[in-house]
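Student: sequence plus the predicted model coming up.
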Number of protein chains: 2
Amino acid sequence: MDYLNLVKSIAKKNEKKILLIVADGLGGMPNPNTGKSELETAKTPNLDALAKKSCVGLTIPIEYGITPGSGPAHLSLFGYDPVKHLIGRGVLEAIGGNIPMTKIDLALRGNFATMDYAKALVTDRRAGRIPTEKNVEICQELQEKIKKIDDVEVIIKPGKEHRFVVVFRGEGLSESITDNDPQKENMPAKKISASAADGEKTAKIVNKFLEEVKKIIKDKPPANYILMRGFSKYPDIPQMEDVFALNPAAIATYPMYKGLAQLVGMKILPTGETMEDEIATLKKEWNNYDFFYVHLKKTDAYGEDGNFDGKVKKIEEIDGLMPQFLSLNPDVVIFTGDHSTPAVMKGHSWHFVPFMLYSKYSFGNEEIQKFSERECKKGILGIFNAVNVMPLALGHALKLDKFGA
Amino acid sequence: MDYLNLVKSIAKKNEKKILLIVADGLGGMPNPNTGKSELETAKTPNLDALAKKSCVGLTIPIEYGITPGSGPAHLSLFGYDPVKHLIGRGVLEAIGGNIPMTKIDLALRGNFATMDYAKALVTDRRAGRIPTEKNVEICQELQEKIKKIDDVEVIIKPGKEHRFVVVFRGEGLSESITDNDPQKENMPAKKISASAADGEKTAKIVNKFLEEVKKIIKDKPPANYILMRGFSKYPDIPQMEDVFALNPAAIATYPMYKGLAQLVGMKILPTGETMEDEIATLKKEWNNYDFFYVHLKKTDAYGEDGNFDGKVKKIEEIDGLMPQFLSLNPDVVIFTGDHSTPAVMKGHSWHFVPFMLYSKYSFGNEEIQKFSERECKKGILGIFNAVNVMPLALGHALKLDKFGA
């Protein structure tokens, strides 16, 4: 019996409500000029007060030293082993591109590329990073001209620069095919073919699609060819209702996080663009669900931009919203990040993430001075894998039966 | 190679003695009036002094957020993965009911129930919670009239109110049968049948037993029917002598803990009812074994009753006994709990459990002010799964060879 099945075997419904607030990329690193991290720099009286009453610790998103993408980092927080429940790259792109997927779909990520058709060599795998507007224009033309291949529906959606997503929708599609990306420039494109018997139909469909695309773009360099990879089916992940006996809802402003929440069976609640909109939605829907995931995006964006002060300011803004979250009197409220995005690194990192959980049964500690990386290390929870967050939440909400007599 | 086999491969005998003292349900939570837990409230000069010289930490009985029953919590402390080595409900009840089991036995837990025979519906799954004295009376009658079914011996023992235990003793018994509990009132009883081929004999025996019971009680409502579930065979757990090269003994006052110790191969030493009796037994037997498990029950009982002050007082009593334990000069002495039973929760909980191990080789810390939840968090061992306790004990007793050259 694995951990998820253990939890499933003892999970039970009750009337208590869990609120999981995720500030994306919350964890940081000390600014070399001050020696203080973003959280250590920010004035956060509300978070600090809550930390004293909460059980606090640091989470490991995946494992020591491993920097997670948004997909695995969130799956961990949602209680799923992120290494076991891999989400294919194509599916992540489709989710991020706001393409609602169904169980029969196969998604892939595409690059526009430059092909020297005379020599049959891919001379630029990114078609000179064509402007996004050009990408949109080509994708529009492709979508207008290619709606189906045989019995399979084709959905094409542009991304940034040379990137796009394709979703094939039809019965009998499979991940068992090879891709055509040579990975290096001035090499021939690889042949797309079935890597197992169940991939035959898919290989045929994808090759026919490639031929249709070529008919339309091959005389229009630099974007005169496409490379396709990351073929992936919509994953079959146990749903939160089944494994945790929850009736869960998600409030997020970005498609990627709505998509991730939907993967595990959360109901996606329509909301606006701002954190205030998200709180308004939360208040409005508070009586209708027993688990809420609220995603706050901007901390990560400032981190990615290397904007230390911007991230500090956003953290202070979030701190100002905490009384509104707490005014709903959740039985369990968790405040944490999905991973660290230190402004000094301008990107996601492997660093542990500050975590706190407040409930009537959380073991607090007045010695915790602040909600920050170094103070959370002193907390009663210590350092633990983020995949334990859901069982901790369920335990503190008295939603788990005793294991064994 | 799993962890247990790793330890087994390097375990060796020496003359050193390990003393594992388990105060049941030791861990607690802050009293809302004082902000201090039971251990933090108790005056424990002996435990506190020992903590400074010991390696200390907090144990996770099963996993984050998981509240253990006594069975899994103890198996962890004894070095066994509690999820892998599940003990069936029937066996636990038999153990708790002080029925010595053998390897061929099949145990089950029973409920007296009320059956409306005209409509063939179970109208009360607990027979109105008949008084325990009535239960004892019925079980006595059943045992007198039913001693064997075919070649299988039948042992019946009353529990509290409507509950009882049955042990079937005979060759070829199996867990592969379904139970007859409809789980809801006003439903027909389910049919007991084999769920796999090896369950055929058992299903026949259990159905014959049910018919015999009905002949005796069916005209005597409310307890005129029985529901049987939790069918389980005596588990095949590697014995401590084999995996840890120990000659282990157990001193406990309650049948449940004697039974759990016996499951892993400890010799059960007869003792009295009090902690003083247990210490007297320990002193008397000190030369005869190299591992002693001493179980102190009452801390848990006060926690279950929500009696914060009673639990504090019991902890102080235990503290007063520590010099007697230490006077035996054990090479390794461990003081911990099997799980937490915070008085404020009136029941077992998932909270981590204070732990200390003293030996000549334990890495102490004068900064540890007290043996308590929050101080143990600061200890050199940090937070760790309780299944590591036995290897830690063996290591500190120099009973493990180097792993690898």
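Tutor: Yes, it's here. Numbers count the residues shown, from 1 in each chain, chains lettered A, B, ... in the order given.
Student: what's in contact with the helix or strand of chain A at the bottom of the mean pLDDT ranking?
Tutor: Least confident helix or strand, chain A: helix A:89-96 with a mean of 88, by mean pLDDT, DSSP states H and E. With C-beta atoms under 8 Å, 6 or more residues apart in numbering or on different chains as the test, helix A:89-96 has contacts from A:69-71, A:87, A:101, A:105-109, A:157, A:159, A:163, A:165, A:167, A:229-235, A:254-256, A:258-260, A:262-263. Quick note: C-beta positions are derived from backbone N, CA and C, even for glycine.
Student: tell me the buried residues within the residues you listed.
Tutor: Among the contacts of helix A:89-96, those classed as buried by 16 or more other C-beta atoms under 10 Å in any protein chain shown are A:69-71, A:87, A:101, A:105-109, A:157, A:159, A:163, A:165, A:167, A:229-235, A:254-256, A:258-260, A:263.
Student: filter these down to the ones in helices?
Tutor: Mapping those onto helices (DSSP state H) picks out A:70-71, A:255-256, A:258-260, A:263.
Student: go back to these and keep what's next to chain B.
Tutor: For chain B, no contacts are drawn from those by C-beta under 8 Å from any C-beta of the partner chain.
Student: can you put the residues you listed in TSV and add pLDDT and distance to A:Met187?
Tutor: TSV is the format used below for these (pLDDT from 0 to 100; distance: C-beta to C-beta, whole Å):
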residue	pLDDT	distance to A:Met187
A:Ser70	90	31
A:Gly71	92	29
A:Pro255	87	34
A:Met256	88	32
A:Lys258	91	38
A:Gly259	89	33
A:Leu260	93	35
A:Leu263	92	35
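Student: just the buried residues of stretch A:4-14, please?
Tutor: Residues A:4, A:6-7, A:10-11 are the ones in stretch A:4-14 that count as buried (16+ other C-beta under 10 Å).
Student: same question for stretch A:307-326.
Tutor: Neighbour counts over stretch A:307-326 (16+ other C-beta under 10 Å) mark A:307-308, A:310-316, A:318-319, A:321-322, A:325 as buried.
Student: mind checking how far A:Val294 is from chain B?
Tutor: Using C-beta to the nearest C-beta, to the nearest Å, we find A:Val294 at a distance of 21 Å from chain B.
Student: oh sorry, the question was meant for A:Ala23
Tutor: Distance of A:Ala23 to chain B, computed by C-beta to the nearest C-beta: 21 Å.
Student: burial of that residue, as a residue count?
Tutor: A count of neighbours around A:Ala23, defined by other C-beta atoms under 10 Å in any protein chain shown, yields 26.
Student: around chain B, pick out the residues from chain A.
Tutor: A:1, A:3, A:6-7, A:10, A:361, A:363-367, A:378-384, A:388, A:390-396, A:400-405.
Student: show the buried residues in these.
Tutor: Listed as buried from the residues of chain A next to chain B are A:3, A:6-7, A:10, A:361, A:363-365, A:378-384, A:388, A:390-396, A:400, A:402-405; burial here means 16+ other C-beta under 10 Å.
Student: tell me which of those fall in helices.
Tutor: Applying DSSP H to those, the entries found in helices are A:3, A:6-7, A:10, A:390-396.
Student: pick out whichever of the residues you listed sits closest to B:His351.
Tutor: A:Gly395 (9.0 Å; C-beta to C-beta).
Student: for chain A, what spans make up the helices?
Tutor: A:3-10, A:38-41, A:45-53, A:70-77, A:89-96, A:132-145, A:200-217, A:240-244, A:255-263, A:275-285, A:298-304, A:308-326, A:373-376, A:389-396.
Student: so how far is the second one from its chain's centroid?
Tutor: I take that to be helix A:38-41. Per C-alpha atoms, centre = their mean, to the nearest Å, the displacement of helix A:38-41 from the mean C-alpha position of its chain is 24 Å.
Student: helices and strands around it, which ones?
Tutor: Packing partners of helix A:38-41 (3 or more C-beta pairs under 8 Å, 6 or more residues apart in numbering or on different chains; DSSP states H and E): helix A:308-326, helix A:373-376.
Student: can I get those in JSON lines with mean pLDDT?
Tutor: Below are the helices and strands packed on helix A:38-41 laid out as JSON lines (pLDDT from 0 to 100):
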{"stretch": "helix A:308-326", "mean pLDDT": "98"}
{"stretch": "helix A:373-376", "mean pLDDT": "98"}
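Student: possible to save the ones you listed as JSON lines with distance to B:Ile21?
Tutor: Conversion of the helices and strands packed on helix A:38-41 to JSON lines gives the following (distance: least, C-beta to C-beta, whole Å):
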{"stretch": "helix A:308-326", "distance to B:Ile21": "42"}
{"stretch": "helix A:373-376", "distance to B:Ile21": "33"}
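Student: quick one: closest of these to B:Val213.
Tutor: Among the helices and strands packed on helix A:38-41, the nearest to B:Val213 by C-beta to C-beta is helix A:308-326 (56.3 Å).
Student: contacts for that closest one, please.
Tutor: A:19, A:21, A:23, A:26, A:28, A:31, A:38-39, A:41-47, A:50, A:275-276, A:279, A:282-283, A:294, A:296, A:298-299, A:302-303, A:333, A:335, A:341, A:343-344.
Student: do stretch A:255-273 as well
Tutor: Contacts for stretch A:255-273 (C-beta under 8 Å, 6+ apart): A:24, A:70-71, A:74-75, A:78, A:80, A:87, A:92, A:94-98, A:101, A:234-235, A:237-242, A:248-253, A:277-278, A:280-281, A:285, A:289, A:291, A:293, A:295, A:297.
Student: excluding chain neighbours, what is closest to the closest residue to chain B within the stretch 101-250 of chain A?
Tutor: The stretch 101-250 of chain A approaches chain B most closely through A:Phe244 (11.0 Å), counting by C-beta to the nearest C-beta. The shortest distance from A:Phe244 to any non-neighbouring residue, by C-beta to C-beta, 6 or more residues apart in numbering or on different chains, is to A:Ala11 (5.2 Å).
Student: which residues does that neighbour contact?
Tutor: Residues near A:Ala11 by C-beta under 8 Å, 6+ apart: A:243-245, A:394, A:399-401.
Student: I'd like the buried residues of stretch A:4-14 laid out as CSV, including distance to A:Lys220.
Tutor: Output for the buried residues of stretch A:4-14, formatted as CSV (distance: C-beta to C-beta, whole Å):
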residue, distance to A:Lys220
A:Leu4, 49
A:Leu6, 57
A:Val7, 54
A:Ile10, 60
A:Ala11, 56
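Student: which of those lies closest to chain B?
Tutor: A:Leu6 (5.8 Å).
Student: and that closest one, how far from A:Glu211?
Tutor: When distance is defined by C-beta to C-beta, to the nearest Å, A:Leu6 is 50 Å away from A:Glu211.
Student: likewise for A:Thr67?
Tutor: 39 Å.
Student: which one's more surrounded, these two?
Tutor: A:Thr67 (17 against 11).
Student: tell me the contacts of the more buried one?
Tutor: A:Thr67 makes contact with A:339, A:347-350, according to C-beta under 8 Å, 6+ apart.
Student: burial of the nearest residue to it once chain neighbours are set aside, as a residue count?
Tutor: Distance criterion C-beta to C-beta, 6+ apart; nearest residue to A:Thr67, sequence neighbours excluded, is A:Trp350 at 4.6 Å. Burial of A:Trp350 is recorded as 16 neighbouring residues (other C-beta under 10 Å).
Student: pLDDT score assigned to A:Trp350?
Tutor: Here, the pLDDT recorded for A:Trp350 equals 98.
Student: for it, give me its contacts.
Tutor: Contacts of A:Trp350 were listed using C-beta under 8 Å, 6+ apart, and they are A:61-62, A:64-68, A:340.
Student: out of the residues you listed, who's nearest A:Glu373?
Tutor: Nearest to A:Glu373 among the contacts of A:Trp350 is A:Ser340, at 8.2 Å by C-beta to C-beta.
Student: show me what contacts the residue lying closest to the closest one once chain neighbours are set aside?
Tutor: Spatial nearest neighbour of A:Ser340, excluding adjacent residues (C-beta to C-beta, 6+ apart): A:Gly27 at 2.9 Å. For A:Gly27, the contacting residues are A:37, A:39, A:337, A:339-342, A:349, A:351-354, A:373, by C-beta under 8 Å, 6+ apart.
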